[in-house]
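Asks: just to be clear, the model below is a prediction. Sequence and coordinates:
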Amino acid sequence: MSGATNKANLQPAYVLHSRPYRDTSLLLEVLTPEFGRVGLIARGARGPKSKIRALLQPFRGLLVSWSGRGELYTLNNVEEVTPTRSLHGDGLASGFYLNELLMRLTERHDPHPRTFSGYVRAIEALAVGAAGPRALRLFEKYLLEDLGYGLLLDHDAVTLEAIEEDQLYCYEIERGPVAAQTCVGGVMMRGHSLISLHNDELEDPDSLQEAKRLMRSVLGWYLGARPLRSREMVYAVVDGGIGWSRDDEPR
């Protein structure tokens, strides 16, 4: 792809990260359903007469057009589809958590349409509030599946027998659930919680909490030694860019 000219017109997109570039421009990372994560240069977006600066905000549904070669393309046009979602408090932190997760775990130009749809649903749920935690867990589950790290949730990894609701299991990363008494490290979970996550339910607080512990452990495994910085993130426009506190590179 690096040698060919790439063009796209009015692609659905969300800004995951932006930072200042040169005197008046922005470097953007956007999520799209057809092209995956794409790096764009928004020339003049930070200039005093820019008409697009206010549009290039996180959690705002956009249509974007670009052209160019290599890893970074030039943003040619941007239109608003949905206004910025009003996220506050935990919902805002969770929204930036989703963005950082996508920056860390996805590769440019690797499309995952289901991940894009799940992201939109999660942002909408976070804006509502009460449904946010469940939406986060389901987004994490399907992101892992799309990346080839899908979780085994419906049967014992050793015996291959179906998970029983009233049994206690230990989920071993990269293996799956095993009988609790045979556990060597892992996350303890009730069979009910495993089945609930498998069926996209998570309607009761205990299942939701156990699913959170499981996802935190599994994602930590794949993220490696460098932890997520979402909790340190500041929602602010820093010289025209939305990003992390300190001088972090996009990730």
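Replies: Thanks, I have it.
Asks: quick one: the strands in the chain?
Replies: Remark: strands assigned in the chain by DSSP state E are 6-21, 25-32, 36-42, 62-68, 72-80, 168-172, 176-179, 187-190, 237-238, 241-242.
Asks: pull up the pairing partners for the fifth one, direction included.
Replies: According to DSSP bridges, strand 72-80 has the following sheet partners: strand 36-42 (parallel), strand 62-68 (antiparallel).
Asks: could you do the second one as well?
Replies: Taking DSSP bridges as the criterion, strand 25-32 sits next to strand 6-21 (antiparallel), strand 36-42 (antiparallel) in its sheet.
Asks: residues of the longest one that come out buried?
Replies: This means strand 6-21. Across strand 6-21, burial judged by 16 or more other CB atoms under 10 Å covers 8, 11-21. C-beta coordinates here come from the backbone N, C-alpha and C atoms, glycine included.
Asks: nearest to L168 among those?
Replies: Nearest to L168 among the buried residues of strand 6-21 is L16, at 38.2 Å by CB to CB.
Asks: thinking again about what came up before, possible to save the strands of the chain as a markdown table with distance to P205?
Replies: Shown next, in a markdown table, are the strands of the chain (distance: least, CB to CB, whole Å):
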| stretch | distance to P205 |
| --- | --- |
| strand 6-21 | 30 |
| strand 25-32 | 30 |
| strand 36-42 | 34 |
| strand 62-68 | 36 |
| strand 72-80 | 37 |
| strand 168-172 | 18 |
| strand 176-179 | 21 |
| strand 187-190 | 12 |
| strand 237-238 | 37 |
| strand 241-242 | 33 |
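Asks: by mean pLDDT, show me the worst of these.
Replies: Of all the strands of the chain, mean pLDDT reaches its minimum on strand 237-238 (a mean of 30).
Asks: hmm, back to that, nearest to L151, out of the strands paired with strand 25-32?
Replies: Taking those one by one with CB to CB, strand 36-42 is closest: 22.0 Å.
Asks: what about the stretch 51-200 of the chain, any weak spots by pLDDT?
Replies: 130 (pLDDT under 70).
Asks: closest to S117 out of the strands of the chain?
Replies: Short answer: strand 6-21, nearest of these by CB to CB, at 10.0 Å.
Asks: may I ask which two of the buried residues of strand 6-21 are separated the most?
Replies: Every pair of those checked by CB to CB; the farthest is P12 and P20, at 25.3 Å.
Asks: buried set for the longest helix along the chain?
Replies: With secondary structure taken from DSSP state H, the chain has its longest helix at helix 205-223. Across helix 205-223, burial judged by 16+ other CB under 10 Å covers 207-208, 210-211, 214-215, 218-219.
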